[in-house]
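Visitor: The amino acid sequence is not available; the structure is as follows:
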């Protein structure tokens, strides 16, 4: 009997390297371990992961805070391999797969599931998965699948940003912020980015109409107001930015907290300004897939680009988390699995 595609590709090697943790805590709880390699179902592809990303959401899952994240990662201790964005190539395909073939370069996300901080991951053929443009590196593609997709979903589905509207992006030089600046400018919005002195030129080069250096200027004291405030780093609060929101304005954050959840309830009941938190991974799969396809087209056409701040081999995953935990991440932090 002839061997299946999966058997020909994986052979007798059924183990892989992956990041694991036996408890919640700081970066030191992370370790590189050997675990069983997944096997694709008939409608899945097995991807050899070359690059993934680390961001504030990964830190939250590592710490188990705020507590609701434990409903995804495990109530008492982490029970899954971290990471959701990926880029690499297909190592094997299930027998029913028709869209992809072995050796295709691909990128995407398995959110709200996790498991991409590993050498291999299985992804449904119809999941959030696209072919990687020829001239785009795995690191750049993984950044798009993580932060680019988050920026797109928030601008389109949460903020419904329109041409001519004004948007303030807090954390404009970070992973999500750098994509938000580019996508908001692409929409035709009036874009103001907030960052530190060393990143002013970068944010302006990405398409911002104005840049505020928070080390020298108080955003609230400028006298400017905005239709949308996108807190891409979660360092601010609705209370801090409420006075610079226009009537019927929207404050959006990517970081969950008790404060934002309470303000979401309050602003739905009172006033004309709203506070919103939304999790990218909880958006419908068909929406995520559609937007990843659009991002691929933008990337292939050179209309957006990834800003890679730092790269870490997976063996230095704890150092990658320490960098993210500083709260001063520049661009996307990438983890490589070569």
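Guide: Perfect, thanks for sending it. For clarity, every value in this text was computed on a predicted model and none was experimentally measured.

Visitor: CA only for contacts and neighbour counts going forward, please
Guide: OK.

Visitor: Can you tell me how far residue 278 is from residue 155?
Guide: As for residue 278, its distance to residue 155 is 11 Å (criterion: C-alpha to C-alpha, to the nearest Å).

Visitor: whoops, residue 50 was the one
Guide: Distance of residue 50 to residue 155, given as C-alpha to C-alpha: 29 Å.

Visitor: Would you mind telling me which of those two has the busier surroundings?
Guide: residue 50 (24 against 21; other C-alpha atoms under 10 Å).

Visitor: hmm, who's touching stretch 238-256?
Guide: Under the criterion C-alpha atoms under 8 Å, 6 or more residues apart in numbering, residues 56-57, 66, 154, 158-159, 220, 223-234, 260, 263, 272-279 lie in contact with stretch 238-256.

Visitor: If you count neighbours, what's buried in it?
Guide: Neighbour-count burial for stretch 238-256 flags 238, 241-246, 249-256 (criterion: 16 or more other C-alpha atoms under 10 Å).

Visitor: right, and out of those residues, which lies closest to residue 320?
Guide: residue 255 (18.9 Å; C-alpha to C-alpha).

Visitor: any idea whether that closest one is helix, strand or coil?
Guide: Recorded secondary structure, residue 255: coil (DSSP: H, G, I helix; E, B strand; the rest coil).

Visitor: re the thing from before, which of the buried residues of stretch 238-256 fall within strands?
Guide: The subset of the buried residues of stretch 238-256 located in strands under the criterion DSSP state E comprises 245, 246, 249, 250, 251, 252, 253.

Visitor: which two from those end up farthest apart in space?
Guide: Spanning the widest gap among those are 246 and 253, at 16.9 Å by C-alpha to C-alpha.

Visitor: Direction included, what does the strand ranked longest in the chain pair up with?
Guide: With secondary structure taken from DSSP E, the chain has its longest strand at strand 44-54. Paired with strand 44-54 in the same sheet, following DSSP bridges, are strand 85-93 (antiparallel), strand 120-124 (antiparallel), strand 332-336 (antiparallel).

Visitor: Quick one: the ones you listed as CSV, columns for mean pLDDT too.
Guide: What follows is those, written out as CSV (pLDDT from 0 to 100):
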stretch, mean pLDDT
strand 85-93, 98
strand 120-124, 98
strand 332-336, 98
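
Visitor: would you list the ones you listed in JSON lines and tack on mean neighbour count and distance to residue 268?
Guide: What follows is the strands paired with strand 44-54, written out as JSON lines (neighbours: other C-alpha atoms under 10 Å; distance: least, C-alpha to C-alpha, whole Å):
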{"stretch": "strand 85-93", "mean neighbour count": "28", "distance to residue 268": "32"}
{"stretch": "strand 120-124", "mean neighbour count": "23", "distance to residue 268": "37"}
{"stretch": "strand 332-336", "mean neighbour count": "26", "distance to residue 268": "33"}
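
Visitor: So which of these is nearest residue 26?
Guide: Set against residue 26 and scored by C-alpha to C-alpha, those come closest in strand 332-336, at 17.4 Å.

Visitor: isn't residue 313 right up against residue 336?
Guide: Yes. With contact defined as C-alpha atoms under 8 Å, residue 313 and residue 336 form a contacting pair (4.8 Å).

Visitor: low-scoring stretches of the stretch 201-338 of the chain, by residue?
Guide: 256-261, 263-265, 279-282 (pLDDT under 70).

Visitor: now the strands for it?
Guide: Along the stretch 201-338 of the chain, counting by DSSP state E, counting those that start in this stretch, strands occupy 210-213, 226-231, 245-253, 274-277, 308-313, 332-336.

Visitor: relative to strand 226-231, how tilted is the third one?
Guide: So that's strand 245-253. Comparing the axes of strand 245-253 and strand 226-231 via axes from the mean of the first three to the mean of the last three C-alpha atoms, to 10 degrees yields an angle of 20 degrees.

Visitor: Please name the strands paired to strand 245-253 in the sheet, noting orientation.
Guide: With DSSP bridges as the test, strand 245-253 is paired with strand 226-231 (parallel), strand 274-277 (parallel).

Visitor: Can I get the buried part of the contacts of stretch 238-256 as one ChimeraX selection?
Guide: Restricted to the buried members of these, where burial is judged by 16+ other C-alpha under 10 Å, the ChimeraX selection command reads as follows:
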select :56,57,154,159,225,226,227,228,229,230,231,232,233,234,260,263,273,274,275,276,277,278,279
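
Visitor: Report the spatially nearest residue to residue 113, omitting neighbours in sequence.
Guide: Distance criterion C-alpha to C-alpha, 6 or more residues apart in numbering; nearest residue to residue 113, sequence neighbours excluded, is residue 84 at 6.6 Å.

Visitor: before we move on, what about residue 311?
Guide: residue 334 (4.7 Å).
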